[in-house]
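> Quick one: sequence and predicted model below, then my questions.
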Amino acid sequence: MSANEIVQDQTRSTRLTLSRPFSDLLVELSIALHKFVMYPKGHPSLAPAAASVVRKAARIMEDRATIAFGVARHQLIIEGVATDPTQPVLRRLAEGLNGHHLGAVSISQGITPEEIAEALQALAADPTVGGRIGLRSPDLIPSWAHLRLYPLTFDRLGLMVDAPVTPRTPADSASRAVDLWLGLARAAMTREQRPPDDDSVPIEPAAVARAIDEPGRAEAYDQVIVGYLLQIARELKDTTGLEASALRRRTGRLIAALKPDTLRRLVDMSGDVRQRRTLVLDAVHGMAVESALDILKAAADASNQTISHGLVRMFSKLGMHAEQGPAAERELASAALHDQVGRLLSGWELADPNPSEYSQKLQRVATGTPVFVPRATTGAIDDRDPIRLVQISLEVGTAGILLDRTIDRAVNEGRVGDVLDLLMSAPSGANAARDAIVTRLAHPDTFARVAGRDPIDAVVLDRLLLLPGVSLEAYGVLLDALANCEQRRSRRLLLDRLVRPPVDLAPLILERLSDERWFVQRNLLILLTRSGCAPATFSAGPWTTHPHPHVRYEAIRLQLTLPAEWPLALRTALGDDDPRVIRLGLSAVQHYCPADVLPLVTRVAADAGAPEQLRTLALRALGRSREPQALDTLLAAVDGGTTLLGMPRAPVPTPPVLAALRALTEGWSSAPRARAVLALAKDAADPALRHTVRRHLP
């Protein structure tokens, strides 16, 4: 395996995602907080929501005493991992906590549903009305025996002039570099460290380092620090420019100023070995060499590993060439440094990866002549346009790790359509390159990138779905996007594409129906109904009693397509209290009204307070029945009363009355009681009554 292939493999294998238990806890907490915002105190939905949070937390705390997570503006940081800011449920929780000026939350063993409920009740209050919790004096911030809320530190921060800061759009990477440093500084400073006579604090790296070194800091605050270090390392890996250089310098000065024990503590909090490995690799790729090596040594200490002095010196030399050498040699030195650090991290299961003899050789290499001798080159062309590289690969008909990396770049830059256009015009003999590109584009990661953009490019997505080799996992990515995208247009687009796929989506849909978000359940039930892929053993019954009427509606609509559940669906729909659900049941009995649901239909037809549209549908359905109860209800609906002389009077021609007359003429015209009413309507002065009866009577 080549060095480039190793680097690519390491990059893929170290993408961090939040572990499932922590993700489930945060999602559960967000859903519970949303319910406390929606429903008044004492609502029956609130206690189960709080109890569910406790169950998720207890599962995690079986082997730990505390769960702590930090709060950024749109993200949460837990176990050294920052949540995805585009994930709407977790973003909503982060923004809710941030709106109360809270910087961290900790939960400890023994947490009770009552404590969770009280905390959620406090957090559900509108911060613009009742005041922000984090801005209260320390003795007024609510706390519980097993749950603590930590205030955010500052409203305003001053930025030292390492580089000019100019206003930019939020999406600009330069602005993100500034925001990351401000966020790190905000998380580092505690309220007690704020000068009493100044509202704006100069955020010098040395001052931030002193704040982080301060003993007795809450673990939840340090979670935020670790999360920002991870994000800064990732940001510097892919970003260039003035602000990125300033961020690299500030971060370097910060790490250099931290006490070794503090840096080790932060790296140790970054999670397991895999997460430390990611932090180190990203730092090597993006931070200044000295900073990256400090993090590497701290990671080694946290993992009880040793690194020889010679190896550190060799890494320093490679880093120097990666930062200061000519363009071509910078790339080679950077790849070599990344490769060597990756190999070192992979070998940390050894007691000592650097035996004494090997360490002596490393020392000689590190203190010898330069690894790369700079050449005087000018005017070097470095064409990195991914589309051009794809075109060259197709023209020469070769594939490899470089092509894979190029496709990844094109996907990340939103240029999938351009790559697909090149495939359409690929020359003959380019089968190997074409197959490699198709395989890469059909990968679930590509679908995640395309579906992660809002709005989704429908043309590109349709073309991707036509590629051969699109796996079930890729469709699972689209289902996840359907659950998480915010724009209605994007959700509609995904629903249309997932209705009749060439694979069986039923297993993926069924496993996602446990999602407690009502709109996710509704969309998944729509897919089961429209695709007709529900298994024969599936029952939609559990969702027909859902608190949200949209979920009940779709569950009953699905039940009506399942022969075994059709009678139950009718009874459930007609017994519901939502007009839309009742209408669904009434529409289903227009051609056949079973005797066991007749009382439910009669109840709607006889309810003078029901919407006219529902009464009209119910009266039409009664015309299909031959039960005396149906006739009684129809006659009552067309009873216009009597005149002063006691003569029967024709009814007012409302839609329900006309529907009842039509039902009598179609199904009961031979009944003696019905004939008298129909004769009265046939000779009525109102043309609507006459027309309705004469059109259906001889």
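In hand now; what should we look at?

> isn't residue 386 right next to residue 415, touching?
Yes - counting by Cβ atoms under 8 Å, residue 386 touches residue 415, with 6.8 Å between them. Just so you know, the C-beta spots here come from the backbone N, C-alpha and C atoms, and that holds for glycine as well.

> From the recorded domain assignment, give the ranges for the chain.
With automatic domain parsing as the criterion, the domains of the chain are listed as 17-151, 173-350, 589-694.

> quick one: which of those is nearest residue 576?
domain 589-694 (10.0 Å; Cβ to Cβ).

> gap between the nearest residue to residue 548 once chain neighbours are set aside and residue 651?
Excluding the flanking residues, the one nearest residue 548 by Cβ to Cβ, 6 or more residues apart in numbering is residue 518, at 4.1 Å. Going from residue 518 to residue 651 by Cβ to Cβ, to the nearest Å gives 42 Å.

> Looking at these two, which one has more neighbours?
Neighbour totals were compared for residue 518 and residue 651, and residue 651 leads with 22 against 17 (other Cβ atoms under 10 Å).

> My guess is that one contacts residue 657. True?
Yes - if you go by Cβ under 8 Å, residue 651 and residue 657 touch, sitting 4.8 Å apart.

> Quick check: neighbours shared by these two?
Counting by Cβ atoms under 8 Å, 6 or more residues apart in numbering, the shared contacts of residue 651 and residue 657 are residue 638.

> So, low pLDDT: which residues of the stretch 351-500 of the chain?
Residues of the stretch 351-500 of the chain meeting the criterion pLDDT under 70: 351-384.

> Just give me how far the strand or helix carrying residue 406 sits from the chain centre.
If you go by DSSP states H and E, residue 406 is part of helix 401-412. Put simply, helix 401-412 sits 25 Å off its chain's centre (Cα atoms, centre = their mean, to the nearest Å).

> Which strands and helices lie in contact with it?
Secondary-structure packing of helix 401-412 (3 or more Cβ pairs under 8 Å, 6 or more residues apart in numbering; DSSP states H and E): helix 3-13, helix 386-396, helix 416-424, helix 431-441, helix 444-451.

> Could you single out the most deeply buried of the ones you listed?
helix 444-451 (a mean of 20; mean count of other Cβ atoms under 10 Å).

> pLDDT value on residue 655, please?
What the model reports for residue 655 is a pLDDT of 88.

> Not counting sequence-adjacent ones, nearest residue to it?
Per Cβ to Cβ, 6+ apart, closest to residue 655 is residue 616, 4.9 Å.

> what about that neighbour, how many neighbours?
Neighbour tally, residue 616, other Cβ under 10 Å: 22.

> Check whether it sits in a helix, strand or coil.
helix (DSSP: H, G, I helix; E, B strand; the rest coil).

> Tell me the spacing between it and residue 263.
75 Å.

> ok so, going back, wouldn't the residue nearest to residue 548 be in contact with residue 543 here?
No - contact criterion Cβ under 8 Å: residue 518 and residue 543 do not qualify, at 9.8 Å.

> which neighbours do those two share?
residue 551.

> picking that back up, would a markdown table of the helices and strands packed on helix 401-412 with distance to residue 35 be doable?
Listed next are the helices and strands packed on helix 401-412 as a markdown table, based on distance: least, Cβ to Cβ, whole Å:
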| stretch | distance to residue 35 |
| --- | --- |
| helix 3-13 | 38 |
| helix 386-396 | 46 |
| helix 416-424 | 39 |
| helix 431-441 | 41 |
| helix 444-451 | 28 |
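
> Now do the helices in the stretch 101-250 of the chain.
Under the criterion DSSP state H, counting those that start in this stretch, the stretch 101-250 of the chain carries helices at the ranges 113-124, 127-130, 173-188, 205-213, 219-238, 242-257.

> how about TSV for those helices, with mean pLDDT and distance to residue 35 added?
Below are the helices of the stretch 101-250 of the chain laid out as TSV (pLDDT from 0 to 100; distance: least, Cβ to Cβ, whole Å):
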stretch	mean pLDDT	distance to residue 35
helix 113-124	93	8
helix 127-130	80	18
helix 173-188	66	29
helix 205-213	78	37
helix 219-238	70	24
helix 242-257	76	40
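
> Out of those helices, the one nearest residue 99 is which?
Of all the helices of the stretch 101-250 of the chain, helix 127-130 comes closest under Cβ to Cβ, at 4.9 Å.

> Run through who's touching the closest one.
Residues contacting helix 127-130 (Cβ under 8 Å, 6+ apart): 99-101, 133.

> give me that answer again for 7 Å
99-100 (Cβ atoms under 7 Å, 6 or more residues apart in numbering).

> same question, stretch 485-505
88, 454-456, 458, 461, 465, 472, 475, 478-479, 481-482, 523, 526-527, 530-531, 533.

> and if you look at stretch 571-579?
Residues contacting stretch 571-579 (Cβ under 7 Å, 6+ apart): 544, 549, 552, 556, 581-582, 584-585, 597, 600-601, 611, 614.

> what are the phi and psi angles of residue 504?
Phi and psi for residue 504, reported as degrees, to the nearest 10, are phi -80, psi 110.

> Need the per-residue pLDDT for it.
87.

> So residue 208 sits against residue 188, correct?
Yes - between residue 208 and residue 188 a contact is recorded at 4.7 Å, counting by Cβ atoms under 7 Å.
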